[in-house]
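Peer 1: how would this look folded up:
(2 chains)
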Protein chains: 2
Amino acid sequence: MYKVTALFFSLILFLPLISTAQVPAVEAAREFKDANAHQILSDYFELLKIPNVAGDIENINKNADFLISAFEKRGASMELLTLPDKPNVPPVIYGEINTPGANRTLILYVHYDGQPADPKNWTHAPWEPTLYSASMENNGNPIPFPSVSEPIDPEWRIYGRSASDDKVPFPAILATLDALNESDIPLTSNIKFFFDGEEEAGSPHVREFLERYKEKFEGDLWVFLDGPKHQSGRPQVVFGVRGVTGMEVTVYGPSRALHSGHYGGWSPVPGQMLADLLVSMKNETGEILIEGFNDSTAPITEADRKAFATLPDYDDQIREELGLSWTEFEDRSLIESFMYPTLTIKGLNSGNTGELARNVIPISATASLGIRLAKGNDPQDMQDKVEAHIQKQGYHIVREDPDKETKLKHRKIAKVTRSGGYPAMRTSINDPMAQQVVDAVERAASEEVILYPSYGGTLPIYHFEEVMQTPIVIVPIANHDNNQHAPDENIRIGNIWYGMEIYSSIFTMQ
Amino acid sequence: MYKVTALFFSLILFLPLISTAQVPAVEAAREFKDANAHQILSDYFELLKIPNVAGDIENINKNADFLISAFEKRGASMELLTLPDKPNVPPVIYGEINTPGANRTLILYVHYDGQPADPKNWTHAPWEPTLYSASMENNGNPIPFPSVSEPIDPEWRIYGRSASDDKVPFPAILATLDALNESDIPLTSNIKFFFDGEEEAGSPHVREFLERYKEKFEGDLWVFLDGPKHQSGRPQVVFGVRGVTGMEVTVYGPSRALHSGHYGGWSPVPGQMLADLLVSMKNETGEILIEGFNDSTAPITEADRKAFATLPDYDDQIREELGLSWTEFEDRSLIESFMYPTLTIKGLNSGNTGELARNVIPISATASLGIRLAKGNDPQDMQDKVEAHIQKQGYHIVREDPDKETKLKHRKIAKVTRSGGYPAMRTSINDPMAQQVVDAVERAASEEVILYPSYGGTLPIYHFEEVMQTPIVIVPIANHDNNQHAPDENIRIGNIWYGMEIYSSIFTMQ
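Peer 2: Model (predicted):
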């Protein structure tokens, strides 16, 4: 009993103070950053100025040119991989740095495309990066780009599309390579680069790239550099991701917009029908009412629960930060919620609201439904279940807007448009190669690493796992409040420096 | 018994063939139209080209200039009525034509402003009138403006904002005055004009105009020239209108848009909360579930039911035309539905759908609710009832977007924005002066007139009734499928000619 207690106390006292030994590569990265912060940020601004929506192939190619040139300057041999007869598919940027004597190959994944951005919802233009003294939520103000002599505060933010998701690994990798080179510290692994150009478009061609160029991508461990760090700011390694799919559902009222006086109280109202349908799918507190929606979900294991225990309980703090007095399934933690499939109304649209509201009964109402998948859920099977539910509510399902004849034949009609999607992926938390990366991150950060069984977000990782049969870990560096996928996306400057520290440790791990 | 049967048969045989006697004024109007159709339409196009949203005072004044000049050319003395210190309130255009020996004064009401128009939802620009060979729904095609010698088909349509609502009385009145003048047929009444410039903005100043300039508007009968004719195409006189009000309700999720992967299944979803709230207010088949919503509604009288009987039963045809296989309250006719208050979702908005849909949980969801009032309903009392219902669903009501502190204090928050509004109005169907107009319309059209106890739509008529204490009838001329208040508003050319026929009869009635 005494022994157990002593062990308990020594764990309490010493676990948070892991490995205070100085790591030369990390020191080199810090010194380089102190001397070159201005140049690192200035180069990053240039990259952020190039629009990067996957469908905009002209600008996508400008991003690729920029990156190839930057990595070639650091001695990497770079190559633009394309698909035959598909000139409008964003290319994969491939690269290699061969390290004499290395007997391990790491493949680093980054995506250089970003989410579409509707400028009218942004404070500044999405592709005009803007420096702030702090986050907008914390009353930060725009500040001019500093002069070379001015100190750079790690709390500053850069606002701009893809500042966090997912261009931020680029300045951190490039500066890390410069730092190690300047200090003559050699790499210890061969490093390969796989820069994806259409991740935010759902990576429709990533599997084709993987299969076509498979031999280039052989290696021992994929390290995905993407996603936000945990809210606590502690270092984090992630072992899986949710899957994703989605559907758009449109229900129909009259064939033409009707004056709400001349027909109100008589014509069916599509918004009312849609509200009914949505309420039949899920209740306000989060429970999904669609038959079989949870049936294929893998149960939470003991190992998952142990990994949960490495997380500080930040749920209350997040709720407060987000102005939420409650969350769905009151007793379910945020990390636990990632183990279940979700159904989320991402968008609602019918007629107009606000200034443009008119006195009409609209012809239709649309809901955009996001579905996140847990391990075990098949995207198409989940869509089938939602569609079966819609049918059970009396709806005739169509794939195109119905003509009048169809409308007269069926009392209720729903147009269902299915998105693509991919299943969830999870690597074992005990994988030895993954453990080396965990240790390297811990050495750089001198703090216990949070082991995350699964991200809430989604990357097209399952293709990599299926095609390459190689373990995968995700090592995030972005601040959690980066407004990813939303207007006013941003990166905290200190998180770029954090990236340099852990990359330098990983690139030089024994 | 025999006599009753004989009377019954004579009614059947002769009622539909009312008054085949030629009315010289109507004949004059027809002849003038045949000779001058090209010029009438060409002048009307010029008027339709001037944008006429009430808030756009510069263009509103251009409309006023056009109308004053056109009516002065026909011998009317015109005047622009304004309100002191309110230069941005659209003026009322007032006019008089004094007829020697007349012992009756008719006051004609028209509004020259129109609904706002979002050009992206229109086939052609809203203020670039476009001629069509038939309605778009009937596969009409755009056609060039005809040369002077080319015959003009009454089935043609003019597409453009306010083509029907409510600029169409202007070409019909102007051409009627020209026709009577050319044929030396004298008017039989004094005629006054009241052209409203902010009806579609809810006529916020009409009462002030009425009270300020009351003595100008004295007369024996107000004739409102607005609204669409009955679906049957039969002539129609209307004795009342629904009242109107509205509310906008916004409910709140997280303080910033969240990635639907990182927070989906945990963060509350505002669209889901809104759907719940809307379903609690009204069910899919039309029944309003808000306590007391129908309590103040005047019961349907025997006289109302007799007027209903003048209507052909076109409900099935309208349903078919609108692609509706059902309507709210299956056993309730369209005209009967105007006797009840309504609650209609005019708009829904949360995040984005379609191309712009993103993987986020939006910060809020908004519904724009239209409320139409029956006789007896007070606008503010009805809004109170809706708001009390929202509170009963557990919502804390606010008037501005809530700050974080407010959000953390209340589980559910709804911002409720109330529109203005006005009560319903109804004139007695047996009013003698109104009956003269019914007879004049019947003489021009040679068909039984439909007596409509109430329009579904709304005009700010109750102010006129309250201030002027004068009977009011509405005499519509627009085609019922004119897309009033919606994109692609249009007028059927034949309905302008119909306007000339009945106006010429009214202007010369004994």
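Peer 1: For the helix or strand containing residue A:32, the averaged confidence score.
Peer 2: Using DSSP states H and E, the element containing residue A:32 is helix A:24-48. Predicted confidence along helix A:24-48 averages 97 (mean pLDDT).
Peer 1: Could you list every helix and strand that that helix packs against?
Peer 2: Counting contacts by 3 or more C-beta pairs under 8 Å, 6 or more residues apart in numbering or on different chains; DSSP states H and E, the secondary-structure elements packed against helix A:24-48 are helix A:57-73, strand A:157-159, helix A:169-182, helix A:493-507. From N, CA and C alone the C-beta is placed, and that goes for glycine too.
Peer 1: looking at these, which is closest to chain B?
Peer 2: Closest approach to chain B among the helices and strands packed on helix A:24-48 is made by strand A:157-159 (13.1 Å; C-beta to the nearest C-beta).
Peer 1: who in the stretch 401-510 of chain A is up against chain B?
Peer 2: By the criterion of C-beta under 8 Å from any C-beta of the partner chain, the positions of the stretch 401-510 of chain A lying close to chain B are A:402, A:404, A:407-411, A:455-458, A:481, A:483-487.
Peer 1: Find the residue ranges of the stretch 401-510 of chain A scoring beneath the pLDDT cut-off.
Peer 2: Along the stretch 401-510 of chain A, the model assigns pLDDT under 70 to no residue.
Peer 1: which stretches of it form helices?
Peer 2: A:404-409, A:432-445, A:461-468, A:493-507 (DSSP state H, counting those that start in this stretch).
Peer 1: out of these, deepest packed?
Peer 2: Comparing the helices of the stretch 401-510 of chain A by mean neighbour count (mean count of other C-beta atoms under 10 Å in any protein chain shown), helix A:493-507 comes out on top with a mean of 24.
Peer 1: Next, the angle helix A:169-182 makes with that one.
Peer 2: Between the direction of helix A:493-507 and that of helix A:169-182, the angle (axes from the mean of the first three to the mean of the last three C-alpha atoms, to 10 degrees) works out to 50 degrees.
Peer 1: so the closest residue to residue A:465 other than its chain neighbours bridges to which residues?
Peer 2: Spatial nearest neighbour of residue A:465, excluding adjacent residues (C-beta to C-beta, 6 or more residues apart in numbering or on different chains): residue A:425 at 5.4 Å. Beta-bridge partners of residue A:425, counted by DSSP bridges, are residue A:241.
Peer 1: Residue A:425 is in contact with residue A:462, isn't it?
Peer 2: Yes - A contact is recorded between residue A:425 and residue A:462 when judged using C-beta atoms under 8 Å, the distance being 4.3 Å.
Peer 1: what's the overlap in contacts for the two?
Peer 2: Contact criterion C-beta atoms under 8 Å, 6 or more residues apart in numbering or on different chains; residues bridging residue A:425 and residue A:462 by contacting each: residue A:243.
Peer 1: Point out where chain A drops to low pLDDT.
Peer 2: For chain A, the stretches with pLDDT under 70 are A:1-21.
Peer 1: The helix or strand harbouring residue A:335 and chain B in contact?
Peer 2: According to DSSP H and E, residue A:335 maps onto helix A:334-337. Yes - figure legend: helix A:334-337 in contact with chain B (C-beta under 8 Å from any C-beta); contacting residues A:334, A:337.
Peer 1: Which neighbouring elements make contact with the following helix or strand past that helix?
Peer 2: For helix A:334-337, the succeeding helix or strand toward the C-terminus, using DSSP H and E, is strand A:342-351. On a contact count with 3+ C-beta pairs under 8 Å, 6+ apart, strand A:342-351 meets helix A:270-281, strand A:364-373, helix B:260-263, helix B:270-281, strand B:342-351, strand B:360-361, strand B:364-373.
Peer 1: winner for burial among these?
Peer 2: Comparing the helices and strands packed on strand A:342-351 by mean neighbour count (mean count of other C-beta under 10 Å), strand B:360-361 ranks first with a mean of 30.
Peer 1: now the helices for the stretch 101-250 of chain A?
Peer 2: Under the criterion DSSP H, counting those that start in this stretch, helices of the stretch 101-250 of chain A are mapped to A:169-182, A:206-212.
Peer 1: out of those, deepest packed?
Peer 2: The highest mean neighbour count among the helices of the stretch 101-250 of chain A, using mean count of other C-beta under 10 Å, belongs to helix A:169-182: a mean of 23.
Peer 1: coming back round to it: in ChimeraX, select just the buried ones from the residues of the stretch 401-510 of chain A next to chain B.
Peer 2: Listed next is the ChimeraX selection for buried residues among these, using 16 or more other C-beta atoms under 10 Å in any protein chain shown:
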select /A:402,407,408,410,455,456,457,458,481,483,484,485,486,487
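Peer 1: Just the ones in strands from the residues of the stretch 401-510 of chain A next to chain B, please.
Peer 2: Among these, no member is found in strands (DSSP state E).
Peer 1: hmm, back to that, can you put the helices of the stretch 101-250 of chain A in JSON lines and add distance to residue B:227?
Peer 2: As requested, these are arranged in JSON lines below (distance: least, C-beta to C-beta, whole Å):
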{"stretch": "helix A:169-182", "distance to residue B:227": "63"}
{"stretch": "helix A:206-212", "distance to residue B:227": "59"}
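Peer 1: circling back: so which of the helices and strands packed on strand A:342-351 is nearest residue B:55?
Peer 2: strand B:364-373 (18.0 Å; C-beta to C-beta).
Peer 1: quick check: angle from the closest one to strand A:342-351?
Peer 2: Strand B:364-373 and strand A:342-351 meet at an angle of 40 degrees, taking the same axes, to 10 degrees as the criterion.
Peer 1: Check whether the helix or strand containing residue A:397 comes near chain B.
Peer 2: In this structure, residue A:397 sits in strand A:395-398 according to DSSP H and E. No - when contact is scored as C-beta under 8 Å from any C-beta, no part of strand A:395-398 falls within range of chain B; the minimum is 10.2 Å.
Peer 1: Tell me the buried residues in that strand?
Peer 2: Within strand A:395-398, the residues that count as buried by 16+ other C-beta under 10 Å are A:395, A:398.
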